[in-house]
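Trainee: Generate a structure from the sequence data that follows.
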Amino acid sequence: MARHGRKYIEARKQIDRDHLYDPMEAFKLLKSVSYANFDETVEVHVRTGLDPRQADQQIRDVVGLPNGLGKQVVVVVFAQGEGADAARAAGADYVVDSDEMIQKIQNGWTEFDVAIATPDMMGTVGRLGRVLGPRGLMPNPKAGTVVPADNIANAIEEAKAGRVEFRLDKTANIHVPIGKISFTEEALHENLAAFMRAVRQARPAGASGNFIRRVTVSSSMGPGIKVDPNASSLTL
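Mentor: As a prediction, this is how the structure comes out:
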């Protein structure tokens with residue numbers, strides 16, 4: 001069992017672990033118990049009733065958060081020729097169009113948040129799956145990160161504005177960042193509501209019974225706070 005420090009334990013004492021908080025109430029409490037000396041990331045964790053072993057119970061989608069993530073999103077683009085030029089012009093942080101950059105990633109470099117690729121580069125990207133896959137950085141058409149050269153600028157803009165990819169993990173949970181502790185309660189609430197709507201819309205065909213079983217919000221260093229998944233603002 002993980003050991004927690006005194007500040008974490010004191011913060012946890014202020015949270016009723018059996019209570020389902022209204023979202024605004026949860027974020028107000030989350031901000032009040034935050035004790036870190038940096039601007040923590042606020043995360044949401046969704047426990048589903050899905051079976052990750054079943055092909056018809058998978059979730060992988062994206063959502064644009066109305067208030068962004070409060071961080072600089074580092075974007076790498078796999079493209080050549082005109083696509084590479086378009087990526088640089090659109091503000092890509094790194095463009096992978098050389099053997100040197102490919103080798104750098106193959107050696108384990110992943111100092112970026114989003115990877116975008118043109119279809120003609122997917123053969124190259126596929127060879128980097130061992131590095132990109134486990135980190136959730138593999139470009140994917142469904143996630144809007146495999147795009148033609150003439151749509152690269154739009155994909156980069158969306159990524160930097162706070163578009164988040166979410167997917168079901170092996171334990172039937174979904175985890176995503178939704179902002180920073182410095183955000184207002186209203187901004188965090190709006191981001192959470194947008195994310196929850198996207199999760200409900202992504203409900204897979206094989207889902208049955210209680211689809212969303214538990215929703216918890218937390219900061220990077222703090223304890224979790226259970227949010228009522230049936231709150232009206234999260235189900236509209």
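Trainee: What is the burial count for residue 223?
Mentor: Using other CB atoms under 10 Å, residue 223 has 18 neighbouring residues. No exception for glycine: its C-beta is placed from N, CA and C like everyone else's.
Trainee: I'd say it and residue 5 touch.
Mentor: No. The criterion here is CB atoms under 8 Å, and residue 223 misses it with residue 5 at 11.6 Å.
Trainee: where are the low-confidence patches of this structure?
Mentor: Across the chain, residues meeting the criterion (pLDDT under 70) sit at 1-2, 236.
Trainee: In it, which helix is the longest?
Mentor: In the chain, with assignment by DSSP state H, the single longest helix is helix 185-201.
Trainee: Flag every buried residue along the helix or strand following that one.
Mentor: Following helix 185-201 in sequence order, the next helix or strand is strand 212-219 (DSSP states H and E). By 16 or more other CB atoms under 10 Å, the buried positions in strand 212-219 come out as 212, 214, 215, 216, 217, 218, 219.
Trainee: SS state for the residue nearest in space to the middle of the chain?
Mentor: Centroid-nearest residue in the chain, with CA atoms, centre = their mean: residue 176, separated by 3.7 Å. Of the three states, residue 176 takes strand under DSSP: H, G, I helix; E, B strand; the rest coil.
Trainee: Assess the claim that it and residue 168 are in contact.
Mentor: No. With contact defined as CB under 8 Å, residue 176 does not reach residue 168; the gap is 11.7 Å.
Trainee: in stretch 183-202, what counts as buried?
Mentor: Buried residues in stretch 183-202 (16+ other CB under 10 Å): 183, 185, 187-196, 198-199, 202.
Trainee: again, but for stretch 159-178
Mentor: 159-160, 162-168, 172-174, 176-178.
Trainee: need the contact list for the closest residue to residue 214 other than its chain neighbours.
Mentor: Leaving aside its sequence neighbours, residue 214 sits nearest to residue 47 (CB to CB, 6 or more residues apart in numbering; 3.9 Å). By CB atoms under 8 Å, 6 or more residues apart in numbering, residue 47 lies in contact with 172, 173, 212, 213, 214, 215, 216.
Trainee: Please identify the helix or strand for the nearest residue to residue 213 once chain neighbours are set aside.
Mentor: Nearest residue to residue 213, sequence neighbours excluded (CB to CB, 6+ apart): residue 47, at 4.7 Å. For residue 47, the element it lies in under DSSP H and E is strand 41-48.
Trainee: send the alpha carbons of the helix or strand just after that strand over as PDB?
Mentor: Where DSSP H and E defines the elements, the next helix or strand beyond strand 41-48 is strand 60-64. Below are the C-alpha coordinates for strand 60-64, written out as PDB (Å, rounded to 0.1, in the frame of the first residue of the first chain):
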ATOM      1  CA  ARG A  60     -11.100   5.500 -28.100                       C
ATOM      2  CA  ASP A  61     -12.100   9.000 -29.000                       C
ATOM      3  CA  VAL A  62     -11.200  12.600 -28.600                       C
ATOM      4  CA  VAL A  63     -12.800  15.700 -27.000                       C
ATOM      5  CA  GLY A  64     -12.100  19.400 -27.300                       C
END
